[in-house]
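Enquirer: Below is the sequence, then the predicted model.
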Amino acid sequence: MKKKVIILTGAGISAESGISTFRDSDGLWEQYRVEDVATHEAYVRNPALVLNFYNERRHQLYEVEPNEGHRQLVRLEKYYDVHIITQNIDNLHERAGSTNVLHLHGELGKARSERDDNLIIEIGDRDIKLGDKAPDGAQLRPHIVWFGEAVPNIEPASHLCEKADYFIVIGTSMNVYPAAGLIHYVPRGVPCYLVDPKAVPISRPIKIVQEKAGTGVKKVVDELIALASK
Ligand code: APR
């Protein structure tokens, strides 16, 4: 039975692919106000603006590639039962070849009925425009968790963390809950690793690789593969 490696990723793992993070100096929340583009109220107030914000981010997604950070995580799958819990709405983990990816905040490549959260359709790189309808006849909206909305995948994510034999945090400022609270489900004594060029306050013993994902993830992966090969 392979040991479980649970990995929590954030915008930082996609930064070297060219997708800006949220809270770094050139971050997305420097260019847009959350309350204008990433809340349900914003969508009700100005649906075209919100749809266009996500259409632009979807277009960008198809101009970028996974980076070494995403690719290194795929190496682990030969030696461990790997589950990635990502806050990212991009599909770079999947395009790098990771097979178990749980999205906490939704996915750019999916849309859903305004009326039925469970009526989700794949849209790939297509835009969502006002007037585009879901199969139930309601307006299509991005399958994204906006601030203040429920995070349905937090429950399966917390169960994964409870079963971790190793836990890795990559490229997240741990600012946003409930995602940032997942680390508290990881049992005491489970070896934890952090890959981030900045210092991120984590309230438990954690092995820090203070580097970008493009070089730092390989160091953690090499160490875990060496442990599995003993
Ligand atoms: N490699 C690794 N980490 C990086 C890199 C890099 N090349 N560049 C930046 N980082 C780190 C930053 O130091 C920071 O700790 O990535 C983290 C990015 O933090 P945020 O911008 O806050 O992104 P994230 O933590 O994913 O935000 C969480 O907030 O806006 C919402 O829903 C949105 O999912 C997002 C959530």
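Expert: On my side now, so go ahead. Numbers count the residues shown, from 1 in each chain.
Enquirer: all contacts plus neighbour counts: C-alpha atoms, from now on.
Expert: Fine.
Enquirer: Would you mind confirming that E162 makes contact with Y185?
Expert: Yes: if you go by C-alpha atoms under 8 Å, E162 and Y185 touch, sitting 5.2 Å apart.
Enquirer: The two - which one has more neighbours?
Expert: E162 (18 against 15; other C-alpha atoms under 10 Å).
Enquirer: which residues sit in contact with that one?
Expert: The contact partners of E162, by C-alpha atoms under 8 Å, 6 or more residues apart in numbering, come to Y185, V186, P187.
Enquirer: Can you tell me how far the first one is from Y193?
Expert: In other words, Y185. 15 Å (C-alpha to C-alpha, to the nearest Å).
Enquirer: Now do the longest strand along the chain, average pLDDT.
Expert: Ranked by residue count and defined by DSSP state E, the top strand of the chain is strand 106-113. Strand 106-113 shows a mean pLDDT of 98.
Enquirer: One more: stretch 150-165?
Expert: Stretch 150-165 comes out at a mean pLDDT of 98.
Enquirer: try stretch 84-98
Expert: 98.
Enquirer: can I get the contacts of E162 in JSON lines with pLDDT?
Expert: Below are the contacts of E162 laid out as JSON lines (pLDDT from 0 to 100):
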{"residue": "Y185", "pLDDT": "98"}
{"residue": "V186", "pLDDT": "98"}
{"residue": "P187", "pLDDT": "98"}
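Enquirer: mind listing which of these are in strands?
Expert: The strands, defined by DSSP E, take in nothing from the contacts of E162.
Enquirer: Redo these as TSV? Include distance to H103.
Expert: Formatted as TSV, the contacts of E162 follow (distance: C-alpha to C-alpha, whole Å):
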residue	distance to H103
Y185	18
V186	18
P187	22
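Enquirer: hang on, L140 is in a strand, isn't it?
Expert: Yes: under DSSP: H, G, I helix; E, B strand; the rest coil, L140 falls within a strand.
Enquirer: give the contact list for it.
Expert: L140 neighbours (C-alpha under 8 Å, 6+ apart): A111, R112, S113, E114, I128, K129, L130, G131, D132, K133, A134.
Enquirer: is it true that the last one touches K110?
Expert: No: checked against C-alpha under 8 Å, the pair A134 and K110 is beyond contact range at 11.5 Å.
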